[in-house]
Each structure stands twice: as structure tokens, then as C-alpha cells.
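**Student:** 3D model of this:
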Amino acid sequence: MLLNEFSDGVEIDQVLLVREAERRQRRDGGDYLRLQLGDRTGAVVCMVWEELVEAERLARAGEPVHVRGRYTVHPRFGPQINLRGLEPAAPGSFSLEDLLDGPVRSVEQMEGEIRDLLNTIQEPHLRVLLERVFGEDSELWAGYRVAPAAKYYHQAYRHGLLEHCLGVAQAVSAISATFPGIDRDVAVTGALLHDIGKLEAYTEDPQNIDLTDAGRLHGEIALGYYRIRRAIEDIEGFPAELAQAVGHIILSHHGALEHGSPVVPCTREATLVHMIDNLGGRLGSFDRLEKELAPGRRWSSFDRALDASAFFAGRSAALPTQTVVGQPPVPAREAA
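**Tutor:** Next comes the predicted model:
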């Protein structure tokens, strides 16, 4: 059973992935272990109050673990698992495809689409820069095609960066002709490169996406800007104004100083990339929330990324079901 199918009171006896494990202090001075457990449809909190050393050994971030307990929905704290026991996940008792989220499109399709987009760039220096980043033999490309786009809110899975940046670049390409004065080659290049700092900012393990030391100390914007700046400096004759235009897109793509950008967008191209990037992130949050939504539900819970609940009009409005792991679904009205 997937996490979005759990209902209040259901008994759990299955493998889940440990997303986070953090030892915290109780009010009485003792410790407890706060776990975040999940699968490809979402995550739920679980507290461990006893035998913490053994629990920490079993429940390490990125590891599958066999969980026994009861799923409850607390009126104040929301969904959680009242734990009865943790055990090692036996080989063959779970599928990573059920535990790890991923893009809707195949990697091969996205790779083909990004090659098609690269072939439309006319400016010769930008073509050289993009070839050094996206060439099939490039170390950057090897990391770019598998990296996540985020830790939580959108495309927080393997190949998420490729999916996100491709979507932003395709939208930027399509809209560039709508508004006068936009240099399409610069805008598309900036869209493809705007998040490249995430190659250094996030860990490579798809089962345990987290910030690296460099990501925490420098931030993905600075890491991305200096990586592309170094690449540009190795290209003979790269025009200074062109380098400035691309660098400005990377530095300003969060759109506001309070959101981490050292500068705000001051060109048409940077403004376009920021707006489409922000749109892509917000729509990615809808994808995440719909995957987490229980069958028969049309409204999500409040989401911090959207600052609202999300509504999915196309979903069936059928009654939710009351289920128990290992037994067939029973309509909620009958279960009552």
C-alpha cells in the first residue's frame, strides 16, 4: 500500500524509506528520535521514544526500514505513525520504484528534447559553452542528467534537475517571440544553466537528497555562477557583454534579495527566466501534491510552497476508502 492510500487508524506492516532522522531533546531533558518516513507518494512523521541507539542504527536517512505501527491523523499535528517496532528491510520485501519518486517523462525523451533545443542556439560562443556543459562526454552533463532539482518542494528526485531546467528552457523558448527585445539565445542559455549550481549544492544519493557542505556554505546561486564563469573564461574570445548577460540570469533567477539572489533581474532575459522558473517550481508543487493526495480527494492540505491548499478538479470525487494493509478496501460509509 502506498502512503497516500493510508487512512486514519490503518495498521502498518511494511517497508518505508527513511527521509530524515534527527535526535531531539524532550522537555524533561531526555531524547527522542524524529523520523520522516515515506514512499513515492509522500512522507509522514514518526517518533521513537525508546531504544534510540538501536533505532538510529536501523533508521538512517536514505535507508529502507520495515515499520510496524498505526497510522493516525492528529487534529493538531497531522498525520503520523504510532510506532510499535522497526526492523531491517529484508531483501526482496520492497521495490525501490515504490519508494522513490521520479519524472513523468522518460530520461531518454528528455535527453532528446534538450539536444533538439541546443541545436536551435545560433550564437557561436553560446553554442561552445553549452557543448562544454551538455556534451555527451562532459562530466557536467553526467551529473546534470541525474541530479535532483530540490530537496522538498518540486522535482526532488533523480533526474529532477533535467526535467525542471528543460521545462523552463522550453517555455522560455516558446515565449521569447511573444515579447519584443528579448535575445532568445541568451534567454534559453540562461534557462538551461540557471540551476547548475545544484550539482554541487545537493548530494548525489537519490535515496537521501540533502544539502552538501558547499551548498550550505555558499548556496547554489554562487556555486552555479562561478562554475559557468570559469567555463566562459576558458573559451577564447567570449564577448564580455555576453558573459555578463548569462551571468546575470544565474545570479538573479530567484528574483528577490530576500529569496537568495544577490541581485534582482535587470534585463528582459533575466526577468523572463525568473518568471518562468518561478512558475515551473509552483506547478511542480501541484504535481507533488497530487501524487500525495489520497484516492477520492480533490483538495490537498495547506502547502507552504503554494501558501494555500491545491484543488484538483479533474480527480474523482468518490468517497475515500477505509483500508487495512493486507485486506481489500472497504467504503468509508460501510466501515463506519
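
**Student:** can you give me the helices for the chain?
**Tutor:** 52-58, 96-99, 107-118, 124-134, 139-144, 160-176, 184-193, 198-201, 213-218, 220-233, 240-252, 268-292, 332-335 (DSSP state H).

**Student:** could I get these as TSV with distance to Phe311, mean pLDDT and mean neighbour count?
**Tutor:** Placement of C-beta: from N, CA and C, glycine included. Shown next, in TSV, are these (distance: least, Cβ to Cβ, whole Å; pLDDT from 0 to 100; neighbours: other Cβ atoms under 10 Å):
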stretch	distance to Phe311	mean pLDDT	mean neighbour count
helix 52-58	38	91	14
helix 96-99	27	83	15
helix 107-118	28	94	15
helix 124-134	37	97	18
helix 139-144	34	91	16
helix 160-176	22	94	22
helix 184-193	29	98	26
helix 198-201	30	93	23
helix 213-218	34	94	14
helix 220-233	31	96	19
helix 240-252	32	98	19
helix 268-292	10	89	20
helix 332-335	21	31	11
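
**Student:** In JSON lines: the ones you listed, plus distance to Leu3.
**Tutor:** Shown next, in JSON lines, are the helices of the chain (distance: least, Cβ to Cβ, whole Å):
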{"stretch": "helix 52-58", "distance to Leu3": "19"}
{"stretch": "helix 96-99", "distance to Leu3": "10"}
{"stretch": "helix 107-118", "distance to Leu3": "25"}
{"stretch": "helix 124-134", "distance to Leu3": "36"}
{"stretch": "helix 139-144", "distance to Leu3": "29"}
{"stretch": "helix 160-176", "distance to Leu3": "19"}
{"stretch": "helix 184-193", "distance to Leu3": "33"}
{"stretch": "helix 198-201", "distance to Leu3": "26"}
{"stretch": "helix 213-218", "distance to Leu3": "27"}
{"stretch": "helix 220-233", "distance to Leu3": "29"}
{"stretch": "helix 240-252", "distance to Leu3": "36"}
{"stretch": "helix 268-292", "distance to Leu3": "8"}
{"stretch": "helix 332-335", "distance to Leu3": "18"}
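
**Student:** closest to Tyr32 out of these?
**Tutor:** helix 52-58 (7.2 Å; Cβ to Cβ).
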